[in-house]
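**Student:** have a look at this prediction, sequence included:
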Amino acid sequence: MSPTISKIKSLNVAIIGAGAAGLVSARELRREGHQVVVFERQAQLGGTWVYNPGVEADPLGSDPSRAIVHSSLYASLRTNLPREAMGFRAYPFVSTGQPHRDSRRFPGHQEVLLYLNDYATEFGLTELVRFETEVVYAGLFEDGKWKVRSRQENGVAVDVDEIFDALVVCNGHYTEPRTAEIPGIDAWPGKQMHSHNYRIPEPYRDLVVILIGSGPSALDISIDIAQVAKEVHVASRSDEAEVLRKQFGYHHIQLHPMIESVQKDGTVIFYDGSMVLADVILHCTGYKYHLPFLDTHGIVTVDDNCVGPLYKHIFPPVLAPRLSFVGLPWMVLPFPMFEFQSKWIAGVLSDRIRLPSQEEMMENVSAFYLSLEASGMPKRHTHKMGAHLFEYNGWLAAECGVPVTEEWRKKMLYATFQNYLAHPGTYRDAWEDDDLVLEALMEMATVATLD
Ligand code: FAD
């Protein structure tokens, strides 16, 4: 079913990135009647889901001049969300049943890439993408427009400047590593790296490896490495240790508090006084927002991993609606949230949906920041959505005049999370929410009503 649109304004919009966020933005903007160019520095669409066996020259990712490898996927990665809940609302992520496809409920990463390609084909999005074209500069121009400088490298670099009415930033935020600070690390003789550059366990054969972190990547990678390493140790904050303890019950992985310091003989000392002589420290400590191409004359900044000020994590009040961001919040169901965010941007850009005044948006942002501060939330968690996700999606849906998140999707996310906490080692292969799967499949048959 196509939407009923009383289009007021059609703009010429640049989108940076052809990952899931850029693709759904391209779709929503185009169906609203805008003209769209998607700039993508890789040779294919899919962003994070394009697995690259190569890694960066600097294993910690701290050298700003290094050649960037975009994806942080490791070879064994399977989704940590069930496919029904993870997929776009307008294009369900159901098994195709074809023999070369992965029909598991928590499929391997290749299946997600194939799904994103199917999505782009279904909605004719690929022709909107300029591949191997990196945006090296996007800055404010006259009359609220944006100058975009893109670069193609074909032996020699060729830069092209173009002017767009609006810019939508979808460049992803799992590429620029964040590392832990470790006293004594400069004199420590071992090897350090970030999980961004982890692919396969083989290089860790017979080594003593220490991972820092407790998120899904730390869990997966420690189990991967434990197949070949001499010893695997995981350092995490104590409040995060319980899930890890259950997980590592099966895998001979030793759990520790955080690292207190390291010494030049190779010893790693933990806060409880325990010590390990280690070969490798692997930082599974997350990522930083990184917008090296963006010039807003200081209006939008990245400070302590907070991109701001942004109204609803999307529009900087002073530059709204001609600049927007899709995909900044984390601890979310990414693809459906991208759908809501980009629908809102598309409608606002055509003047079909009204934004509050600049002052009102700024007041809203200030009040939000104050509420985070009052609740003791560190600034770097500004975009952490977690339990607020469905309220956020619901607000966006109401602005767009579309149905809110389906009940089964909420219940399925909570059921999966409970299952993960109770059975972190097996949650991808054993579950008890088959009734929700059935409900999802039945509702997906009427998906057009959500679109
Ligand atoms: P990306 O997929 O990162 O795409 C950004 C695109 O922008 C890239 O193609 C990049 O090349 C391009 N780009 C960047 N800068 C420029 C530039 N200057 N010029 C031109 N192009 C540029 N999500 C789930 O739903 N389920 C999961 O199980 C799951 N597992 C994950 C596991 C790992 C290890 C990681 C890192 C993430 C995982 N995610 C998962 C989250 C995942 O990142 C999102 O699902 C989603 O792919 C993010 O899409 P995106 O478009 O925002 O960013």
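**Tutor:** Cool, got the structure.
**Student:** smallest gap between the stretch 151-300 of the chain and the ligand, at which residue?
**Tutor:** Using Cβ to the nearest ligand atom, the single residue of the stretch 151-300 of the chain nearest to the ligand is Gly172, 2.2 Å away. No exception for glycine: its C-beta is placed from N, CA and C like everyone else's.
**Student:** is it true that that residue touches His70?
**Tutor:** Yes - the criterion here is Cβ atoms under 8 Å, and Gly172 meets it with His70 at 7.1 Å.
**Student:** which residues are in contact with the residue located most distally from the centre of the chain?
**Tutor:** Here the chain reaches farthest from its C-alpha mean at Asp265, the gap being 37.8 Å by Cα atoms, centre = their mean. For Asp265, the contact set (Cβ atoms under 8 Å, 6 or more residues apart in numbering) comprises Pro189, Leu277.
**Student:** helix/strand/coil for it?
**Tutor:** When classified by DSSP: H, G, I helix; E, B strand; the rest coil, Asp265 comes out as coil.
**Student:** now do the phi/psi pair for it.
**Tutor:** phi -90, psi 0 (degrees, to the nearest 10).
**Student:** same thing with the one 5 residues further on?
**Tutor:** As for Phe270, its main-chain torsions (degrees, to the nearest 10) stand at phi -100, psi 170.
**Student:** mind checking how far it is from His256?
**Tutor:** 4 Å (Cβ to Cβ, to the nearest Å).
**Student:** what do those two both touch?
**Tutor:** With Cβ under 8 Å, 6+ apart as the test, Phe270 and His256 both reach Ala235, Val276.
**Student:** who has more neighbours, those two?
**Tutor:** Between Phe270 and His256, counting by other Cβ atoms under 10 Å, His256 is the more crowded of the two (21 against 18).
**Student:** and Thr296, how far is that from Leu319?
**Tutor:** With Cβ to Cβ as the criterion, Thr296 and Leu319 are 6 Å apart.
**Student:** need the residues touching each of Gly172 and His70.
**Tutor:** Common neighbours of Gly172 and His70 (Cβ under 8 Å, 6+ apart) are Gly47, Thr48.
**Student:** residue boundaries of the helices in the stretch 251-400 of the chain?
**Tutor:** Along the stretch 251-400 of the chain, counting by DSSP state H, counting those that start in this stretch, helices occupy 334-349, 358-374, 389-400.
**Student:** re earlier: so which of Thr296 and Leu319 has more stuff around it?
**Tutor:** Neighbours per residue, other Cβ under 10 Å: of Thr296 and Leu319, the larger number sits with Leu319, 20 against 17.
**Student:** for the protein, what lies in contact range of the ligand?
**Tutor:** 16-22, 39-42, 47-49, 70, 72-73, 77, 79-81, 86, 134-135, 170-172, 174, 217, 293, 327, 334-335 (Cβ under 6 Å from any ligand atom).
**Student:** follow-up on the earlier one: got any residues that touch both of Thr296 and Leu319?
**Tutor:** With Cβ under 8 Å, 6+ apart as the test, Thr296 and Leu319 both reach Leu140.
**Student:** what about Phe293, how many residues nearby?
**Tutor:** What Phe293 shows, counting by other Cβ under 10 Å, is a neighbour count of 18.
**Student:** verify the stated contact: it with Ala138.
**Tutor:** Yes - contact criterion Cβ under 8 Å: Phe293 and Ala138 qualify, at 5.3 Å.
**Student:** shared neighbours of those two, anything?
**Tutor:** Ile16.
**Student:** without its sequence neighbours, what residue ends up closest to whatever residue of the stretch 201-350 of the chain ends up closest to the ligand?
**Tutor:** Closest residue of the stretch 201-350 of the chain to the ligand, Cβ to the nearest ligand atom: Gly327 (3.4 Å). Leaving aside its chain neighbours, Gly327 sits nearest to Ala21 (3.9 Å; criterion: Cβ to Cβ, 6 or more residues apart in numbering).
**Student:** can you check Ala320 too?
**Tutor:** Going by Cβ to Cβ, 6+ apart, Ala320 has Leu355 as its nearest residue, at 5.8 Å.
**Student:** would you quantify the distance from that neighbour to the ligand?
**Tutor:** 23 Å (Cβ to the nearest ligand atom, to the nearest Å).
**Student:** stretch 181-191: how far from the chain's middle?
**Tutor:** 29 Å (Cα atoms, centre = their mean, to the nearest Å).
**Student:** just the CA coordinates for it, please, in CSV.
**Tutor:** What follows is stretch 181-191, C-alpha atoms only, in CSV (Å, rounded to 0.1, in the frame of the first residue of the first chain):
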residue,chain,number,x,y,z
GLU,A,181,43.0,3.1,29.9
ILE,A,182,45.5,0.8,31.7
PRO,A,183,48.2,2.1,34.0
GLY,A,184,51.6,0.9,33.0
ILE,A,185,50.5,-0.1,29.4
ASP,A,186,53.3,1.8,27.6
ALA,A,187,56.0,-0.5,29.1
TRP,A,188,53.9,-3.7,28.9
PRO,A,189,55.5,-6.1,26.3
GLY,A,190,52.4,-7.9,25.1
LYS,A,191,50.2,-7.3,22.1
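**Student:** so Gln110, which state does it fall into?
**Tutor:** helix.
**Student:** neighbours of it, just the number please.
**Tutor:** 16.
**Student:** contacting residues for it?
**Tutor:** Tyr51, Asp102.
**Student:** and the strands in the stretch 101-250 of the chain?
**Tutor:** Remark: strands assigned in the stretch 101-250 of the chain by DSSP state E, counting those that start in this stretch are 129-130, 134-140, 146-154, 156-164, 166-169, 176-177, 191-194, 208-212, 231-235.
**Student:** quick one on the thing from earlier: for the residue of the stretch 151-300 of the chain closest to the ligand, what are its contacts?
**Tutor:** Contacts of Gly172 (Cβ under 8 Å, 6+ apart): Gly17, Gly19, Ala21, Gly47, Thr48, His70, Gly327.
**Student:** just among those, which is most surrounded?
**Tutor:** Result: Ala21 is most packed of these (other Cβ under 10 Å), 30 neighbours.
**Student:** which residues does it contact?
**Tutor:** By Cβ under 8 Å, 6+ apart, the neighbours of Ala21 are Gly47, Cys170, Gly172, Val326, Gly327, Pro334, Phe338, Gln341, Ser342.
**Student:** so what's the residue nearest to the fourth one when sequence neighbours are not counted scoring on pLDDT?
**Tutor:** The shortest distance from Val326 to any residue other than its chain neighbours is 4.3 Å, reached at Ala21 (Cβ to Cβ, 6+ apart). Reading off the per-residue confidence, Ala21 sits at a pLDDT of 99.
**Student:** excluding residues flanking it in the chain, which one is nearest Val437?
**Tutor:** Glu84 (6.1 Å).
**Student:** ok, that neighbour touching Met412?
**Tutor:** Yes - in this structure, Glu84 is within contact of Met412 by Cβ under 8 Å, at 6.5 Å.
**Student:** overlap of the contact sets of the two?
**Tutor:** Leu436, Val437, Ala440.
**Student:** for the one helix or strand the second one maps to, buried residues please.
**Tutor:** Element membership for Val437, per DSSP states H and E: helix 434-444. When burial is assessed from 16 or more other Cβ atoms under 10 Å, helix 434-444 yields the following buried residues: Leu436, Val437, Glu439, Ala440, Glu443, Met444.
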